[in-house]
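Peer 1: give me a 3D structure for the following:
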Amino acid sequence: MRFHGYSPAAIAAVLAFAVSPSPASAAPVTAATLSGGSLNDAAYNIEMGFGFTPTADLRITSLGMSDPFANGNLGAVAKIGLYTQTGVELKTLTVSAPDSYVESGFRFVDLASEIDLSAGIDYVVLAFYGEGASGLNLLPTASFDPLISNVHYTNTGPLPDLAWLGVRPGGLYDYAQFGANFKFEAQAVPEPASWLLLAAAGGALALTRRRRAA
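Peer 2: Predicted structure coming up:
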């Protein structure tokens, strides 16, 4: 690659910006933490989750469902799904003990391909429990990360399988039978210093070009 008409210093500034490492990503954050409530067994197949709106662009790294006894007894079939509020399926997966891990009362599965969510868009995350599942969390106190807003709970059953049925008349049920959860990273944005470096490099290139053209 040739850079005719530019000084070595200006070229070096641009290359320094291009190859500078991105800031290290922080550890994934859990969307919701629970306290209190009562634990119950599922009398039938049921799905539980919540709708939410991110206040910043997020990258979903794991999906999870409540398993407070850490015994993997989630029913014959246990699934997690992530959807847009309009019903577009972003990810569904089956949860099994060998392919998952328990953390803070939830059984998580790390995603092979992370999913990007956009700020200001409505989404729904659902957990599907089979009949006889243990440890369903009824009326706990849920605390959400500040990047998760506009939370509404939803639960439906009995159902044959995981399915987002859309907003019901009057909106989502505000009934805190808690099932689904997820982990995420906030999308990284260039630091101000990086933008200043790029602006300075661009200015140097332009100035060098004008001087040589004069």
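Peer 1: okay, now the domains of the protein?
Peer 2: 8-23+191-213, 29-186 (automatic domain parsing).
Peer 1: which one of those domains has the most crowded surroundings?
Peer 2: Highest mean neighbour count among the domains of the chain (mean count of other C-beta atoms under 10 Å): domain 29-186, with a mean of 18. In short, each C-beta sits where N, CA and C put it, glycine included.
Peer 1: low-confidence ranges, the protein, go.
Peer 2: For the chain, applying pLDDT under 70 flags the ranges 1-25, 167-177, 188-214.
Peer 1: redo that, cut-off 80
Peer 2: Of all residues in the chain, those with pLDDT under 80 make up the ranges 1-26, 97, 135, 139, 165-178, 188-214.
Peer 1: what's the following helix or strand after the longest strand anywhere in it?
Peer 2: The residue-count maximum for a strand in the chain (DSSP state E) belongs to strand 106-117. Next helix or strand after strand 106-117 toward the C-terminus (DSSP states H and E): strand 123-129.
Peer 1: tell me the helices and strands packed up against that next one.
Peer 2: strand 46-54, strand 58-66, strand 79-84, strand 180-186 (3 or more C-beta pairs under 8 Å, 6 or more residues apart in numbering; DSSP states H and E).
Peer 1: go again using 7 Å as the cut-off
Peer 2: strand 46-54, strand 79-84, strand 180-186 (3 or more C-beta pairs under 7 Å, 6 or more residues apart in numbering; DSSP states H and E).
Peer 1: partners of the helix or strand following that strand in the sheet?
Peer 2: The helix or strand immediately downstream of strand 123-129 is strand 136-138, counting by DSSP H and E. The strands beside strand 136-138 in its sheet (DSSP bridges) come out as strand 38-40 (antiparallel), strand 177-178 (antiparallel).
Peer 1: would TSV of these with distance to residue 90 be doable?
Peer 2: Formatted as TSV, the strands paired with strand 136-138 follow (distance: least, C-beta to C-beta, whole Å):
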stretch	distance to residue 90
strand 38-40	29
strand 177-178	21
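Peer 1: looking at these, which is nearest to residue 100?
Peer 2: Nearest to residue 100 among these is strand 177-178; the distance by C-beta to C-beta comes to 17.8 Å.
Peer 1: could you dump the helices and strands packed on strand 123-129 into JSON lines with distance to residue 68 added?
Peer 2: What follows is these, written out as JSON lines (distance: least, C-beta to C-beta, whole Å):
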{"stretch": "strand 46-54", "distance to residue 68": "13"}
{"stretch": "strand 79-84", "distance to residue 68": "16"}
{"stretch": "strand 180-186", "distance to residue 68": "12"}
